[in-house]
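1. Structure for this input, please:
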Amino acid sequence: MARPKSNDKRRAILDAATRVIVAQGLSAPTATIAREAGISTGSLFTYFETKTDLLNQLYLELKGEMTAAALADFPEKAALRKQAAHVWSGWMKWAAAHPDKRRALAVLGVADEITPQTRAATQKLIARPAALIEQLRGKGRLSDAPMSFVGPIITSLAETTMDVMISDPARAEEHCTAGFETFWRVLA
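-> Numbers count the residues shown, from 1 in each chain. Modelled structure (predicted):
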């Protein structure tokens with residue numbers, strides 16, 4: 001009879017995978033992830049059937065965590081600008097507070113191992129922020145620009161804001177606000 005799985009052990013594996021991916025990249029062996037998590041390699045495969053399964057589950061977890069932070073206490077009835085500022089601030093603060101998770105998410109985001117099913121699931125996770133951006137784009141200066149152009153602009157601005165917040169934590173809030181004001185001027 002199989003032993004029940006532990007949520008704490010699953011969390012430890014995902015946290016270890018995050019650290020190992022940041023330090024060694026996606027080619028890091030599962031044995032390294034298991035050792036970092038303090039378990040045997042066999043135990044790792046009790047929780048994740050394959051390394052690809054682990055990477056896909058980690059990608060979903062990180063996207064979900066980031067989105068939850070951006071949408072926590074979302075002001076549904078507020079004006080569009082206040083809603084956008086809320087999501088921006090939550091996103092930036094999550095990234096600044098979890099630089100390893102942010103880096104792992106970036107690596108996983110371009111990984112061939114992430115399946116189309118996982119990418120579709122993450123699109124559902126981020127549907128609310130994506131709808132907000134689409135609403136802003138439709139009314140703003142970039143209304144005729146395709147999302148394939150707008151998306152990378154927003155991502156680049158966000159990544160730059162996160163980098164500056166992390167490198168200058170004493171003024172992180174100020175940088176977050178400056179990043180949002182730039183985002184707003186570009187998009188709205």
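2. what's the helix or strand of the chain with the lowest mean pLDDT packed up against?
-> For the chain, using mean pLDDT, DSSP states H and E, the weakest element among its helices and strands is helix 127-139, scoring a mean of 91. Using 3 or more Cβ pairs under 8 Å, 6 or more residues apart in numbering; DSSP states H and E as the contact criterion, the secondary-structure elements in contact with helix 127-139 are helix 51-71, helix 80-97, helix 147-167, helix 172-187. To be clear about C-beta, it is placed using only N, CA and C from the backbone, and glycine gets the same treatment.
3. Redo these as JSON lines? Include mean pLDDT, distance to Ile21 and mean neighbour count.
-> Converted to JSON lines, these look like this (pLDDT from 0 to 100; distance: least, Cβ to Cβ, whole Å; neighbours: other Cβ atoms under 10 Å):
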{"stretch": "helix 51-71", "mean pLDDT": "97", "distance to Ile21": "8", "mean neighbour count": "19"}
{"stretch": "helix 80-97", "mean pLDDT": "96", "distance to Ile21": "16", "mean neighbour count": "19"}
{"stretch": "helix 147-167", "mean pLDDT": "93", "distance to Ile21": "18", "mean neighbour count": "15"}
{"stretch": "helix 172-187", "mean pLDDT": "96", "distance to Ile21": "25", "mean neighbour count": "17"}
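4. JSON lines for the ones you listed, including distance to Ala127?
-> Formatted as JSON lines, the entries for the helices and strands packed on helix 127-139 read as follows, by distance: least, Cβ to Cβ, whole Å:
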{"stretch": "helix 51-71", "distance to Ala127": "9"}
{"stretch": "helix 80-97", "distance to Ala127": "12"}
{"stretch": "helix 147-167", "distance to Ala127": "14"}
{"stretch": "helix 172-187", "distance to Ala127": "18"}
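5. show me what contacts the residue nearest to the spatial centre of the chain?
-> Most central residue of the chain, judged by C-alpha distance to the mean C-alpha position with Cα atoms, centre = their mean, is Lys63 at 4.1 Å. Lys63 makes contact with Leu105, Thr122, Leu125, Ile126 under the criterion Cβ atoms under 8 Å, 6 or more residues apart in numbering.
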